[in-house]
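Q: Below are the sequence and a predicted model; questions follow.
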Amino acid sequence: EVQLVESGGGLVQPGGSLRLSCEVSGFTVTSNYLSWVRQAPGKRPEWVSVIYSGGNRYYADSVKGRFTISRDAAKNTLYLQMNSLRVDDTAIYYCAYCPRSKVLVKVFDVWGQGTMVTVSS
Amino acid sequence: DIQMTQSPSSLSASVGDRVTISCRTSQSISSNLNWFQFKPGRAPKLLIYSASALQTGVPSRFRGSGSGTDFTLTITSLQPEDFATYYCQQSYSDPPYTFGQGTRVEI
């Protein structure tokens, strides 16, 4: 069974850094597409970043240059390094998984429960 | 970026009602449209992908249709567990994979 568990959220001051983790089971992080999606309070979800099985990475313009997506095969974990955090980065952050069967349509069909990030002074 | 417009933003319905939610995109996305259910404190749930394919394990009362720029999610007989917020999302071509603004289904 595919499972994703996020951790690492918390309260951080503007300009600070945080690293989110997404521990996965039921598949290997290097064999599938994985994504981070966030949802600010009262807002629509916003796609943040994706890492493809081949290693290509893409970022939303709002986080480009500040956030870095990565993965650790040995720990079977996905990460999101967040630097230069801003108040408008406050959101629940979800990791999401795209199985090989849905790679051509890029559908992320299993999500974690999310971890809350609050950026405030 | 592809813009997504959902309607209505909220609706009130009763158990057993037929509910229809619309999603329109700013350019044609073929059938690369997905529907998600969000509930507070829960992992988001994929309901429909590729406009009309029912995700495994999702009840058949959820139906998706459309192609190009106009899409619809229909719940044929609303159940108590269906009260939630629904979002459409496009996965056409390259990122970003944008979401609609959501439809909150209330009692």
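A: That came in fine, so what should we check first? Numbering: from 1, shown residues only, chains lettered A, B, ... in the order given.

Q: Thought A:S53 was touching A:R71, still the case?
A: No. The criterion here is Cβ atoms under 8 Å, and A:R71 misses it with A:S53 at 9.9 Å. Using the backbone N, CA and C atoms, a C-beta is placed for each residue, glycine as well.

Q: Specify which residue of these two has the higher count of neighbours.
A: Between A:R71 and A:S53, A:R71 has the larger neighbour count (other Cβ atoms under 10 Å in any protein chain shown), namely 20 against 16.

Q: ok, and the closest non-adjacent residue to that one?
A: When the adjacent residues along the chain are set aside, A:R71 lies closest to A:V29, with 4.3 Å between them (Cβ to Cβ, 6 or more residues apart in numbering or on different chains).

Q: Please apply the same query to A:V48.
A: Nearest to A:V48 is A:W36, by Cβ to Cβ, 6+ apart, at 4.3 Å.

Q: Is the residue nearest the centre of chain B in a helix, a strand, or coil?
A: Compute the mean C-alpha point of chain B, and by Cα atoms, centre = their mean the closest residue is B:W35, 3.4 Å away. Following DSSP: H, G, I helix; E, B strand; the rest coil, B:W35 is assigned to strand.

Q: is the residue nearest to A:V48 in a bridge, and if so with what?
A: A:S49, A:C95 (DSSP bridges).

Q: ditto for A:L11
A: The partner residues for A:L11, given DSSP bridges, come to A:T118.

Q: Tell me the spacing between it and A:S121.
A: 10 Å (Cβ to Cβ, to the nearest Å).

Q: More neighbours: which of these two?
A: More crowded of A:L11 and A:S121, by other Cβ under 10 Å: A:L11, with 12 against 8.

Q: is it true that the more buried one touches A:S120?
A: Yes. When contacts are counted by Cβ under 8 Å, A:L11 is listed as touching A:S120 (6.6 Å).

Q: Which stretches in chain B count as strands?
A: B:4-7, B:10-12, B:19-25, B:33-38, B:45-49, B:53-54, B:62-67, B:70-75, B:85-90, B:103-106 (DSSP state E).

Q: Please identify which of these is closest to chain A.
A: Of all the strands of chain B, strand B:45-49 sits nearest to chain A, with 4.3 Å by Cβ to the nearest Cβ.

Q: residue contacts, the residue positioned nearest the centre of chain A?
A: Among the residues of chain A, the one closest to the centroid is A:W36, at 2.6 Å (Cα atoms, centre = their mean). Under the criterion of Cβ atoms under 8 Å, 6 or more residues apart in numbering or on different chains, the contact list for A:W36 reads A:20, A:22, A:48-50, A:69, A:78, A:80, A:93-96.
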